[in-house]
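A.B. asks: coords please:
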Amino acid sequence: MPRAIIFTSEIFQQKKPSKAKLLWTVFKNIVKKNLGLFLFNSFLAAIVAVINFNIHINIIEFFIGGITDKTIFERKYTFFFYPFGKLNDSLGFWAFFGQVGLLVLIGKGMLNLLHYYWMNYAYEKVEDDLRKDLFHHFVRANYSRSSQIAPQLITQFTFSQNIARELWFITNRIIYVLVAVFFLFRYGLIGREFKDWNGGTIYSLDVSKFIWITIILFATIFVVEFFLFKKATQLNMEKKIRSEEENRHIFERINNLEYIKVTSGEKYEQKKLNKLVDKTFKKNKKALLWGVLFEAVPAQMLIPNVRFFFVFLAALLTVLLVDFKKNLAFSVYNFSLIAATVSSLGNELEKIVQACANLEDLSGDLLLLNESVHFLHQEKKLLPTHEILPFTNGDINFEKVRFAYPRRPDSIVLRDFTFRFKQGKKYGVAGKNGIGKSTITKTTLKLYDVQAGKISIAERNIQEIETKSLHERICYLTNRPGFFQMSLAENIFYPYLLTKNEPAKHKQLSQENLTQLTYAAKKVGVWEFIETLPKGFQTELKERGGDLSEGQKQQIAAMRIFIRDYDIYIFDEILSNVQKDLKAKILTNIFTHLKNKTIIVIDHHYDIFQYVDEVYQFTGEKLIKLKKEELLGNQEPKN
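C.D. replies: Numbers count the residues shown, from 1 in each chain. From the prediction side, this is the model:
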């Protein structure tokens, strides 16, 4: 599996990185992954800024660049394209507007369209990288941590779209603004000379005061926005956490809708949700206040007054540069020119402020994602002093194993548990619900790490055994098998049909695959059902196998026993929803098929234990051997 490319170790190893550092590191990794795309988008932004500036400056020249007594058709015009300066002089009206029109067609038309397309392409590409990255951390982390954080990740996966769009857009807009501002100062004010009314005296403008006032304006905005941003981001992050809690609550109710309905719990659940939402709303008031301040300062106070500021600045510069008492017309002309030029700068300032206003949500999303990634990588146990070895079959030995689930660290499930499952024997394990029977198998599969003691197979600590190699040799089936929205065959062969590069929808089953599937389907009693499906084994199932009954899911999952050969088989109530007579036939086929295999059967129904060699009662600390003959003569155990 490829390495993480966005949320790399330099990010998640720091539990609480600063917002600025987190933003910068994520952006740096995004650019590193998409350097060519970033440079191309930056180039397009710079070119569009240059062309827009030249369109603007030529239009100004047309309207206020030549105040004479001639009509617009009799005048001569100069076509500018900075940084090259004058390209054509003494142009007639139609020639001038032909060149300006061509510039508009290229700049405002084709290049803007091209820039827009590649910006949206970049959004999609970066979003894909972020989603791949987050899933990489989720699926590679310790199962105990992934399962705890899974509900909130459902919400956080949607953050990737906002992060991709805003972070890329802000950077691209800043590049556009920097180029536009540079051209406005260099060629719009500093580098230009203006003639008086009669075309005589040449004035070169001194705009140093203008530059200093602008710098002070930017600094003031930055200080105010930084303070509001810092406060709003912290509160907004807390608001998002509360929102995730609400979503988890709702998601849990969606999954338990059937139970809510059959118990008439609708009124109770509505009341409970209303109470939770009202409580969250009260806590969100403070975050709402600072969030509004953060957005209102630029949107309601700064941006509307920027134009007024620049008009005032233009008037001030005109008074300082020109003796308006001696030449009023010339003063009006220069005021108009400067006002139009700096108004363009005001537009760009507005874009910067509006873009930065999105940093609050962006930073909050990134902080939440970083917390999740950091959580996934905590307490990941490695054995650097031991070589990771392939699986070797043998006895499964538990030595004084102590275990408690991460969410209930004080509730010990396995307490100094010691037992040896011998290779090639069949074991039945009975016991009360919640006593820890399934925990024995989950720790064997390395889904959870034990707090003390050791689990070994063939005298090798399972922590030293390569996890993939271990899982390839153990068949683990439960009463709630997993299904995906893909073909029936792919679900049965999972994940082995998915290792090829060929897209799943174009994949064709070989004759050998069909023979295996047909044989397995007949052994578990679903062949007649599969024959009724429109595409047989190629029929695509609904999400989570929603078009199958619980019994059909268990039967289809049991087909995996006949598809591949394993060394160890773990059955955890595998046919609990299958009709009794059919269940007996399937179990007979399964245990007839499995010879000289290590089999661990966990079940509440004693009838399955007739197929095993030994039966044990689990107490949490040890397995107590029972007399199988007496057990099979009794009723099913009480929970």
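A.B. asks: Quick check: residue 428 touching residue 599?
C.D. replies: No - Residue 428 lies out of contact with residue 599 (Cβ atoms under 8 Å); the separation is 9.1 Å. C-beta coordinates here come from the backbone N, C-alpha and C atoms, glycine included.
A.B. asks: can you list residues touching both of those two?
C.D. replies: In terms of Cβ atoms under 8 Å, 6 or more residues apart in numbering, residue 428 and residue 599 are both contacted by the residues residue 612.
A.B. asks: So residue 453: helix, strand or coil?
C.D. replies: strand (DSSP: H, G, I helix; E, B strand; the rest coil).
A.B. asks: need the contact list for it.
C.D. replies: 398-402, 416-418.
A.B. asks: Give me the pLDDT value at it.
C.D. replies: Residue 453 is assigned a predicted lDDT (pLDDT) of 91.
A.B. asks: which regions of the stretch 301-450 of the chain sit below the pLDDT cut-off?
C.D. replies: For the stretch 301-450 of the chain, the stretches with pLDDT under 70 are 301-364, 378-387.
A.B. asks: the helices in it, which residues?
C.D. replies: Taking DSSP state H, counting those that start in this stretch as the test, the helices found in the stretch 301-450 of the chain are 303-321, 328-356, 359-376, 437-444.
A.B. asks: hey, C-alpha coordinates of the shortest one in PDB?
C.D. replies: Output for helix 437-444, consisting of C-alpha atoms alone and laid out as PDB, is shown next (Å, rounded to 0.1, in the frame of the first residue of the first chain):
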ATOM      1  CA  LYS A 437     -15.600 -15.900  24.000                       C
ATOM      2  CA  SER A 438     -15.200 -13.800  20.800                       C
ATOM      3  CA  THR A 439     -12.400 -11.800  22.400                       C
ATOM      4  CA  ILE A 440     -10.300 -15.000  22.300                       C
ATOM      5  CA  THR A 441     -10.500 -15.100  18.500                       C
ATOM      6  CA  LYS A 442     -10.200 -11.300  18.000                       C
ATOM      7  CA  THR A 443      -6.900 -11.200  19.900                       C
ATOM      8  CA  THR A 444      -5.700 -14.300  17.900                       C
END
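A.B. asks: List the contacts of that helix.
C.D. replies: 396, 398, 401, 403, 405, 413-414, 417, 429-431, 448-450, 455, 457, 462, 474, 476, 478, 570, 572, 600, 602, 618.
A.B. asks: and the gap between the nearest residue to residue 40 once chain neighbours are set aside and residue 26?
C.D. replies: Nearest non-adjacent residue to residue 40, counting by Cβ to Cβ, 6 or more residues apart in numbering: residue 118, 6.5 Å away. Using Cβ to Cβ, to the nearest Å, residue 118 is found at 21 Å from residue 26.
A.B. asks: More neighbours: these two, which one.
C.D. replies: residue 26 (23 against 18; other Cβ atoms under 10 Å).
A.B. asks: May I ask which helix or strand encompasses the more buried one?
C.D. replies: Counting by DSSP states H and E, the element that carries residue 26 is helix 19-33.
A.B. asks: And residue 154, by the same measure?
C.D. replies: Going by DSSP H and E, residue 154 is in helix 143-156.
A.B. asks: how long is stretch 584-602 from one end to the other?
C.D. replies: 16 Å (Cα to Cα, to the nearest Å).
A.B. asks: Give the buried residues for that stretch.
C.D. replies: 586-587, 589-591, 594, 597-602 (16 or more other Cβ atoms under 10 Å).
A.B. asks: Contacts made by that stretch with the rest, please.
C.D. replies: Outside stretch 584-602, the residues that reach it (Cβ under 8 Å, 6+ apart) are 393, 396, 421-429, 437-438, 440-441, 523-525, 555, 558, 561-562, 566-573, 575, 578, 607-609, 611-612.
A.B. asks: ok, 6 Å please
C.D. replies: 423-424, 426-429, 437, 523-525, 561, 568-572, 608, 611-612 (Cβ atoms under 6 Å, 6 or more residues apart in numbering).
A.B. asks: Next: stretch 273-285.
C.D. replies: Residues contacting stretch 273-285 (Cβ under 6 Å, 6+ apart): 239, 242.
A.B. asks: Report the backbone C-alpha coordinates of that stretch in CSV.
C.D. replies: The C-alpha coordinates for stretch 273-285 follow below in CSV (Å, rounded to 0.1, in the frame of the first residue of the first chain):
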residue,chain,number,x,y,z
LEU,A,273,-32.6,14.4,20.0
ASN,A,274,-34.4,17.7,20.6
LYS,A,275,-32.8,17.9,24.0
LEU,A,276,-29.3,17.2,22.6
VAL,A,277,-29.7,19.7,19.7
ASP,A,278,-31.0,22.4,22.1
LYS,A,279,-28.1,21.8,24.5
THR,A,280,-25.6,22.0,21.6
PHE,A,281,-27.2,25.2,20.3
LYS,A,282,-26.7,26.9,23.7
LYS,A,283,-23.0,25.9,23.8
ASN,A,284,-22.6,27.1,20.2
LYS,A,285,-23.7,30.7,21.0
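A.B. asks: Now it: buried residues?
C.D. replies: In terms of neighbour count (16+ other Cβ under 10 Å), stretch 273-285 has its buried residues at residue 284.
A.B. asks: Going forward, count from 642.
C.D. replies: Noted, 642 is the first residue going forward, which turns the last one into stretch 914-926.
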